[in-house]
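Colleague: Dropping a prediction and its sequence here:
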Amino acid sequence: MPTHSVHDPIRLQASAWISRLNRGLTDEEKPQLIAWINQDPAHHKAIYKFASFFDNIAQLEELNGVFPLENKPTLWSSTVIIPVLLLLTIAISAAYASYQWIQQLNSSPAVHVYTTNVGESRQFTLPDGSTVLLNSNSKLNVNYSNKARKVDLVYGEGQFDVVKNADKPFTVIAGKKAFTALGTIFNVEKSNEADMELIVTEGSVLISDAFIANEQLKQRMLNEQQKINSRDIITASEKAHVENAVNQRVTTLTANELAKTLSWQQGMLIFDGESLFNVLQEVSRYTDIQFEILSSDIANIEISGTYNTGDIDALLSSLAHSFNVSYKYNATNSVQLSRH
């Protein structure tokens, strides 16, 4: 294929003639241009090519006075058509890509976020009609897809009452673990990414790793349900402790134990012989007030009773009256407890 240097004399001469055409040929220059064109077919080709770059009707009409009409350069010569087609191709490709992107956005599942403040419990209805009762200071992200219903318990605690749908399993992700409903009501409390607690009040729940694929999860559900005693399926009135992302133990709760453990759902806290240290830890979930035990001998006092969540004064009054424990509110939003 021949190459053309920018110093090609024919190209330089053709360029010079185009410049003259742009400013307008004199009567003396017009016959000179005709003579130069007729001198060599390469001259005709070069001037024709250069003229095609100009999108200017006046210039083309000027050239028609030089060339025969059948040789009139056209705006739709190959030097123009190819770039135009290229631009059209790019535009169509970009438009199609934008359409695909918009379609993907429209088909992507929307993320719903549900939260509660410290001291607040609240029930929410999820997109599929299932409900969740979130405990104090909790956050839940809901992200349903066409194949599964997944919710992420970011922190806190929630009770889930799940609408049955065998084609779309309902799974609560809590840190490194997943809890999949097998038609059920259950409670998940997340302490951190590796420690959590599951209580089932109705039906059963499968415990698995958090990021198992949907198809693998469905197969796992089938496999575990066929077992007589699956350690990963928790049934009604059972509580499973997960520590360091491992299912440590499963215990069966009596009706009273179940009611006590889930008493927060009625806005109550029930204690039956728990140490004061543990009681204050639980109460702290429902208030911004911090507790400081100044006398170590009171930390193990056993507390029994029923209190409204967030009713700090009632608890402190009970401690003062029953156990001779004094308390003092500080400006730092804390309470100091000690012996009289």
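Modeller: Noted; the coordinates are in hand. These numbers were taken from a predicted model, which means no experiment stands behind them.
Colleague: from the chain's centre, how far out does the host helix or strand of Asn223 sit?
Modeller: Secondary structure assignment for Asn223, by DSSP states H and E: helix 214-226. Mean-position distance between helix 214-226 and its chain equals 26 Å (C-alpha atoms, centre = their mean, to the nearest Å).
Colleague: Please identify the buried residues of it?
Modeller: Within helix 214-226, the residues scored as buried using 16 or more other C-beta atoms under 10 Å are Leu217, Lys218, Arg220, Met221, Glu224. To be clear about C-beta, it is placed using only N, CA and C from the backbone, and glycine gets the same treatment.
Colleague: outside of it, which residues touch it?
Modeller: Residues outside helix 214-226 that contact it (C-beta atoms under 8 Å, 6 or more residues apart in numbering): 147-148, 169, 171, 178, 180, 182, 206, 208, 212, 230, 232-233.
Colleague: what ranges do the helices span in the chain?
Modeller: 9-23, 29-39, 41-52, 57-64, 78-107, 214-226, 255-261, 276-283, 312-323 (DSSP state H).
Colleague: If I average pLDDT within each of these, which one is lowest?
Modeller: Among the helices of the chain, helix 57-64 carries the lowest mean pLDDT, at a mean of 50.
Colleague: end to end, how far does stretch 131-142 reach?
Modeller: 12 Å (C-alpha to C-alpha, to the nearest Å).
Colleague: Now do the closest residue to Asn38 other than its chain neighbours against Phe124, distance only.
Modeller: The shortest distance from Asn38 to any non-neighbouring residue, by C-beta to C-beta, 6 or more residues apart in numbering, is to His44 (7.8 Å). Distance from His44 to Phe124, counting by C-beta to C-beta, to the nearest Å: 80 Å.
Colleague: Then Glu215?
Modeller: Where Phe124 is concerned, Glu215 sits at a distance of 29 Å (C-beta to C-beta).
Colleague: what do you get for Lys176?
Modeller: 25 Å.
Colleague: Could you do Thr252 as well?
Modeller: The value you get for Thr252 to Phe124, if C-beta to C-beta is used, is 30 Å.
Colleague: again, but for Ser263
Modeller: Ser263 sits at a distance of 20 Å from Phe124 (criterion: C-beta to C-beta).
Colleague: swap in Glu243?
Modeller: Remark: distance between Glu243 and Phe124 (C-beta to C-beta) = 29 Å.
Colleague: and what of Leu182?
Modeller: Between Leu182 and Phe124 the computed distance is 22 Å (C-beta to C-beta).
Colleague: More neighbours: which of those two?
Modeller: Leu182 (21 against 16; other C-beta atoms under 10 Å).
Colleague: pLDDT score for the more buried one?
Modeller: Confidence at Leu182, expressed as pLDDT, is 87.
Colleague: Isn't it up against Ile207?
Modeller: No - between Leu182 and Ile207 there is no contact, the gap being 11.3 Å when judged by C-beta atoms under 8 Å.
Colleague: Neighbours of the closest residue to Val154 other than its chain neighbours, how many?
Modeller: Counting by C-beta to C-beta, 6+ apart, Val154 lies nearest to Lys139, which is 4.1 Å off, once chain neighbours are set aside. Neighbourhood size, Lys139 [other C-beta under 10 Å]: 16.
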